[in-house]
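Colleague: just to be clear, the model below is a prediction. Sequence and coordinates:
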Amino acid sequence: MSGINDFADIKVEDLNLRYGSNQALQDINIKIPSKSVTALIGPSGCGKSTFLRCINRMNDLIKVCHIEGRVKIDNKNIYDEDVDVVELRKKVGMVFQKPNPFPMSVFDNIAYGPKIHKVPKKDIKGIVDKTLQDSALYGEVSDRLDSSALDLSGGQQQRLCIARTMAVEPEIILFDEPCSALDPISTNKIEDLILELKKDYTIVIVTHNMQQAARISDYTAFSLWENNRVWRNKPDLRKS
Amino acid sequence: MDSRTTEKLAFGFLRACIWIVVAFVAILILYIVIQGYSIMSWEFLTEMPTNRMTEGGIYPALMGTAYLVGISMAVAIPLGVLSAIYLNEYAKESRSTWIIEMAINNLAGTPSVVFGLFGLALFVKYLAFNPSIISASLTLSLLILPVVIRTSKEALITVPQAHREASLALGVTKWKTISSIVLPEALPGIVTGIILSIGRVAGETAPIMFTGAAFFLPRLPDSVFSQFMALPYHLFIMATSGLNPMETRPIQYGTALVLLILVLLINSIAIVIRKHYRKKLHR
C-alpha cells in the first residue's frame, strides 16, 4: 500500500463543494493511482458524480457551485488561476451516464474532437479506425461509418462515446455510471473495454453497482453521507 | 354517454376544426387566384404602372418589396440569432436578463403601427434617413427582431444539454461548441422563425407607410435612400384611395396574388433549406 502515493496521478486535498448553501462534498482527500481503475461507490445522491465532475471542472458550468481545496493532476492544482480549462478537459476525458452521441454520422462523432484540435485531415481516418478498434466497436460499425450515430443501439452509442473521448488522446478518463442505461450484455462489453483501457489510461468510474466495482476496479473508494461528512474515503479497499 | 361515443364525438369535433381551417385557407387562396388570374402576365410583373395606376404593371412595387425583405432580413437575422445565442448560452440568470426577456416578449406583441411611428421618429426624422428604403427596412427589422430572437431561443433551448457537455468534455471551447454543435442542431428551428418573419415583412403595411412607401412612383429607386413602392401598400392605396377603386379591381387582385406567390416562394425556399439541415442532422 505504501507505493500508492508515488504513482498517484490525481491527488485530491481538502476538497469542499457547495451548491449555494448546500454542502455537497466535505473535506475530501483521496489519491487516485495512475494506469488503474478506481471505482467510486456509494448510495445515490451522496456526491459521487459531483466529485467526478470536479476532476475535469465540469462543475464550472453550474453557476451556484463553489469549490475549495485542491485537485492535483501531475502535481499541478487544476483550480489554479493559470490553468486552461480547455486544455485540462483534453487531458481528462469524460463518459457520461446516458450515451450522448452528436446527431452526426459515426465517423463525424469521433472525428469531431481531432478536427477541432487541428489534427491534419489525412490522419483523421486513422484515428477513427484505431479508436473504433480500441473501443471494440469496429466489427459492428465498420460498414456504416457514414450512417447516423443515433441509429446505433444504446450500448454501441456508449462505446462510440468512449471512442470519441479516446480520439482526443486523454490521459485520464472519467466514467459517470456508464452502464446505468444499458442492458447486461452491453454492460459486459463496456466492462471488458474498461479493463482493456487501464493499460493506457487512468480510469475513475462512478458506479452504484458493487459487483461492477468488484469486477473491474483495482481500487475502490466508498462514500457515505454521514454526520454531514459526505465522503468517507477508504482507498485501501483493494480488490482481492 | 358511453366512452366510445365520447371518443367518436371528440374525434369528430377535432376533425371538424381542422377542416374549417383548411376550408378558410383554401377559399382565400382560390378566391384570390380566380380573381387575379386574368391579369397575370409577364408584362404585369415587369412593367411600370401607367395611366394613374389604372393600367400597366406592378414592377416597382414588386421590386420594392424584394428590397424590403432583403435588407430587413439581412439586419434582423444576424442581430436576432446572435442575441438569442447570447441570451441562451452566455447570459447569467439575473434581474437584468429577466427584464430583457420581458421586453422582447412585449415587443413581439406591439402593434405594427406603433413600430411605424417609432421608425418615423427614429430613422426618418432623428437619423435623417428621410422616407426611404433604408428607413422602412430598418423599421421592419425592428418589428421582426423579437420574433427572430424568441424562435431562435426556443430552438437553442431544445438542444440537449448533454451535447454541450459532451463537446466541452472533449476540450472544445464554449464558442466552438456553440458554433459546431449547438447552432447546427438549432438551425431548423431558427429557420422556422425566419420563415414566419419573411411573410410578415413582405405583408406589413403600417410600418412602411410612415417610413418610405410611396403612393405612386413609376420608377425603380436609385438607392436605399430613395422612396419606393411596395406590394401591400400599393394594394392598400388602390383599394382605398385610388382614383377609381372599382376600375382597378383586377390589378388589386393581381397584386394580392403576386404577394401571395412571392411569400409562398420565399417560404418554400426556406423550407428546402430547413429540410437540408434536418437531413444533415440525421433525424
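Modeller: Ah, there it is.
Colleague: tell me which residue lies nearest the centroid of chain A.
Modeller: Residue closest to the average C-alpha location in chain A (Cα atoms, centre = their mean): A:Leu174, at 1.0 Å.
Colleague: and the closest residue to that one other than its chain neighbours, how far from B:Lys279?
Modeller: Distance criterion Cβ to Cβ, 6 or more residues apart in numbering or on different chains; nearest residue to A:Leu174, sequence neighbours excluded, is A:Met94 at 4.6 Å. C-betas here are computed from N, CA, C, even on glycine. Computed with Cβ to Cβ, to the nearest Å, the distance linking A:Met94 and B:Lys279 is 30 Å.
Colleague: neighbour-wise, which of these two wins?
Modeller: It is A:Met94, of A:Met94 and B:Lys279, that has more neighbours when counted by other Cβ atoms under 10 Å in any protein chain shown, with 25 against 10.
Colleague: what sits against that one?
Modeller: If a contact means Cβ atoms under 8 Å, 6 or more residues apart in numbering or on different chains, then A:Met94 has A:52-53, A:56, A:58, A:165, A:173-176, B:165, B:169 as its contacts.
Colleague: how about A:Lys98?
Modeller: A:Lys98 touches A:181, B:162, counting by Cβ under 8 Å, 6+ apart.
Colleague: burial count for the closest residue to B:Met48 other than its chain neighbours?
Modeller: Closest residue to B:Met48 apart from its sequence neighbours, by Cβ to Cβ, 6+ apart: B:Pro218 at 4.2 Å. As a burial measure, B:Pro218 scores 15 neighbours (other Cβ under 10 Å).
Colleague: phi and psi next, for B:Pro218.
Modeller: phi -80, psi 50 (degrees, to the nearest 10).
Colleague: any chance of the contacts of A:Met94 in JSON lines with pLDDT as columns?
Modeller: Below are these laid out as JSON lines (pLDDT from 0 to 100):
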{"residue": "A:Leu52", "pLDDT": "91"}
{"residue": "A:Arg53", "pLDDT": "91"}
{"residue": "A:Asn56", "pLDDT": "91"}
{"residue": "A:Met58", "pLDDT": "91"}
{"residue": "A:Thr165", "pLDDT": "95"}
{"residue": "A:Ile173", "pLDDT": "94"}
{"residue": "A:Leu174", "pLDDT": "95"}
{"residue": "A:Phe175", "pLDDT": "94"}
{"residue": "A:Asp176", "pLDDT": "92"}
{"residue": "B:Glu165", "pLDDT": "94"}
{"residue": "B:Ala169", "pLDDT": "94"}
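Colleague: now, which of these lie within helices?
Modeller: Among the contacts of A:Met94, the ones falling in helices (DSSP state H) are A:52-53, A:165, B:165, B:169.
Colleague: show me which of those are buried.
Modeller: A:52-53, A:165, B:165, B:169 (16 or more other Cβ atoms under 10 Å in any protein chain shown).
Colleague: surely A:Ile203 and A:Ser34 touch.
Modeller: No: A:Ile203 is beyond contact range of A:Ser34, at 9.7 Å (criterion: Cβ atoms under 8 Å).
Colleague: residues from the stretch 1-150 of chain B in reach of chain A?
Modeller: Listed as neighbours of chain A in the stretch 1-150 of chain B under the rule Cβ under 8 Å from any Cβ of the partner chain: B:92-93.
Colleague: switch the cut-off to 7 Å
Modeller: B:Lys92 (Cβ under 7 Å from any Cβ of the partner chain).
Colleague: can you pull the contacts of the residue in the stretch 1-150 of chain B that chain A sits nearest to?
Modeller: At 6.1 Å from chain A, B:Lys92 is the closest residue in the stretch 1-150 of chain B, using Cβ to the nearest Cβ. Listed by Cβ atoms under 7 Å, 6 or more residues apart in numbering or on different chains, the contact set of B:Lys92 reads A:Lys63.
Colleague: which of the helices or strands spans it?
Modeller: B:Lys92 belongs to no helix or strand when assigned by DSSP states H and E.
Colleague: just A:Ala39 next, same as before
Modeller: Using DSSP H and E, A:Ala39 maps to strand A:37-41.
Colleague: what strands line up against that strand, and which way round?
Modeller: Under the criterion DSSP bridges, strand A:37-41 sits next to strand A:202-206 (parallel), strand A:219-226 (parallel) in its sheet.
Colleague: pick out the shakiest of those, pLDDT-wise.
Modeller: Among the strands paired with strand A:37-41, strand A:219-226 carries the lowest mean pLDDT, a mean of 68.
Colleague: do you know how far A:Val86 is from B:Ala84?
Modeller: Relative to B:Ala84, and taking Cβ to Cβ, A:Val86 is found at 24 Å.
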